[in-house]
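Engineer: okay, sequence plus prediction incoming.
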Amino acid sequence: MRVLFSLIFFVATLSGYAQKNNLIGYKTYGNGNEKVIVLHDWNGDHSNWEQLSAYLNPKKFTYAFMDARGQGLSLGLKGEYNVTEISKDLLHLADKLNWKSFSIIGHSFSTLSAQIANKLDTKNRIKSIILISGGPASGLKFSKDEIGFFNAVAADRKVAEQAIGALTSNRYTKLWNQKKAQEFLEAADTDVSRAYLKSFANVDYSEGLIGNKTPTLVVTAEFDYPSLRIGNIKKQYEAMKYKNIEYINISNSGHYSMQETPVYLATIIENFILGLKK
């Protein structure tokens, strides 16, 4: 049954290939009334969500797993490669799908894109935002050494393996780090990765979002990179003064809760959206 589901997921509706027709790459799953656009992490793509998708409800939800320009199904698609462009692309995708109301899930650096999209959504279609292991629109903070390290991640397998270990508190086997590092290097070209890094490291996008009222769920993880854990990141979100925000901290997970604790994260996502007031 699990094998069959994975096959269905990967042959799900695919909006043409980005390289051929200049369309953003994405895959959809489900046909329910609750619409959700799902974004991935830096150097990731829609395949990060495969394990979690087995536990999503296809009768109540329709998910569109979108790949950022230059990554995954959008590999080769030209662009500026920044978090604001991702926001614009997801809104254009909602137009293409003719979605009048939808939620957004951002993971890691794409939590910025999810929030920026909320500011750019002049049609007020965004029902809620779920922000997983990422920071508020005021920006992700990195030291000079950290920026140098992550620039190296984009081109060096061994450094990428170290990064995966750091993002999961070095709790897993070398095989996990190696597998994720391989995915890192296959998902995007080095120049694309570094361009995205420049757009999300130490850049403030909070203008126009302070005090935002859109229902927002922040999901943190016990074994994530220290600066992204609940004790640090909550203070930054509180500075944004969001009017309708909740926090859930996942125990026994690092940065990749969709792969480390997929059943629980799927439950968190759907319970939050279904629990919103109509």
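Structural biologist: That came through, no problem.
Engineer: where do the helices sit along the stretch 151-278 of the chain?
Structural biologist: Secondary structure of the stretch 151-278 of the chain (DSSP state H, counting those that start in this stretch): helices at 157-167, 174-187, 190-200, 230-240, 257-260, 262-274.
Engineer: and among these, the most buried is which?
Structural biologist: Looking across these with neighbours counted as mean count of other Cβ atoms under 10 Å, the highest average goes to helix 257-260: a mean of 22. Bear in mind the C-beta positions are built from the backbone N, C-alpha and C, glycine included.
Engineer: need phi/psi at the nearest residue in space to Glu85 that is not next to it in sequence.
Structural biologist: Distances taken as Cβ to Cβ, 6 or more residues apart in numbering put Gly79 closest to Glu85, at 5.5 Å, once the chain neighbours are dropped. When read as degrees, to the nearest 10, the backbone of Gly79 gives phi 180, psi -170.
Engineer: beta partners of the most centrally placed residue in the chain?
Structural biologist: Residue closest to the average C-alpha location in the chain (Cα atoms, centre = their mean): His107, at 2.6 Å. Assessed by DSSP bridges, His107 has beta-bridge partners Ile132.
Engineer: isn't it up against Leu39?
Structural biologist: Yes - between His107 and Leu39 there is a contact at 6.3 Å, judged by Cβ atoms under 8 Å.
Engineer: any buried residues in the helix or strand harbouring Ala114, and which?
Structural biologist: If you go by DSSP states H and E, Ala114 is part of helix 110-120. By 16 or more other Cβ atoms under 10 Å, the buried positions in helix 110-120 come out as Ser110, Thr111, Leu112, Ser113, Ala114, Gln115, Ile116, Ala117, Asn118, Lys119.
Engineer: measure the closest residue to Asp121 other than its chain neighbours to His46 for me?
Structural biologist: Nearest residue to Asp121 in three dimensions, chain neighbours excluded: Leu91, at 6.2 Å (Cβ to Cβ, 6+ apart). Separation of Leu91 from His46 (Cβ to Cβ, to the nearest Å) stands at 18 Å.
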